[in-house]
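Visitor: here is my input; please provide its structure:
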Amino acid sequence: MLEQLKVWIAEQPDRDLAIQQVKDIAFEMSSKKHNPIENVMWVDLDKVEANNYNPNAVALQEMKLLYVSIKADGYTQPIVTVYDKERDKYIIIDGFHRHCTMQYNDDLKSLNNSKIPIVVLQKDVTERMASTVRHNRARGKHSTEGMSNVVLNMLKAGKSDVEVCNEIGLEVDELSRLKHITGFSKLYAGKDFSHSWETTHQLDLKRKYKEGLEDGN
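Guide: Here you go, the predicted model:
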């Protein structure tokens, strides 16, 4: 049976697609399919997009080391995403910097046929933000400014203080400080709030990373 399967895959015009179809079948039959890692998929790089709320930040030098690691060892961790059906895009929950590394290095694109490994979670928008924070906090990497914006978005989406604390692992005093930073209570007194810093932050990171590569620093 295994030999027949190998022959069938070898005969397919798109072997990667054939392999993914086999993996999909195995995933559906697996007793561990509640774990997204059970079904890693390779998708086109341009089908994967950054979110606009990630509170994680990585220094330029660490980005360069990440490139060296991926170049030497390959992708050892998939990008964690959710699927946006309306836009037919995979939105990053965790792995923005691993995605960015391939995006700005043609050798990695060539090596992987411009495809990147992902796993897909089933989450709505508020759950996506909580998932991102959980991934970052588990590694001890998150920024106060980014965290405050995630908290603000969760509260604006109707989450209670208890739900916010439970979902992203905050202590009560941490939540209190972040609410103070965002001025959450004042927002509902008629003041506006802008998300522009988030997108600007990520674009600036990409720009600095690309410039650093070109300068060879």
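Visitor: report the residue ranges of every domain in the chain.
Guide: 1-34, 40-215 (automatic domain parsing).
Visitor: out of those domains, which gets the lowest mean score?
Guide: Between those, the lowest average pLDDT goes to domain 40-215, which shows a mean of 75.
Visitor: show me where this structure has helices.
Guide: Counting by DSSP state H, the chain has these helices, from start to end: 2-11, 15-29, 60-73, 96-103, 106-111, 125-139, 144-156, 161-168, 172-182, 184-187, 196-215.
Visitor: export the fifth one as PDB, just CAs?
Guide: Think helix 106-111. What follows is the C-alpha trace of helix 106-111 in PDB, where atoms were taken according to Å, rounded to 0.1, in the frame of the first residue of the first chain:
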ATOM      1  CA  ASP A 106      15.000  35.800  -2.300                       C
ATOM      2  CA  ASP A 107      17.200  32.800  -1.500                       C
ATOM      3  CA  LEU A 108      14.700  31.600   1.000                       C
ATOM      4  CA  LYS A 109      11.900  32.200  -1.500                       C
ATOM      5  CA  SER A 110      13.800  30.200  -4.200                       C
ATOM      6  CA  LEU A 111      14.600  27.400  -1.800                       C
END
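Visitor: what about that helix, distance to the chain center?
Guide: 20 Å (Cα atoms, centre = their mean, to the nearest Å).
Visitor: so which elements touch it?
Guide: Applying 3 or more Cβ pairs under 8 Å, 6 or more residues apart in numbering; DSSP states H and E, we find helix 106-111 packed against helix 60-73, helix 96-103. For the C-beta atoms, the positions are set from N, CA and C on the backbone; glycine is no exception.
Visitor: list the buried residues of the first one.
Guide: Right, the one you point to is helix 60-73. With burial defined by 16 or more other Cβ atoms under 10 Å, the residues of helix 60-73 counted as buried are 63, 66, 67, 70.
Visitor: residues near residue 45, how many?
Guide: As a burial measure, the neighbour count of residue 45 was computed by other Cβ atoms under 10 Å and equals 16.
Visitor: deepest-packed of the domains of the chain, please.
Guide: Across the domains of the chain, the average number of neighbours (mean count of other Cβ atoms under 10 Å) peaks for domain 40-215, which reaches a mean of 16.
Visitor: doesn't residue 178 make contact with residue 165?
Guide: No - Residue 165 is not in contact with residue 178 according to Cβ atoms under 8 Å; the separation is 10.5 Å.
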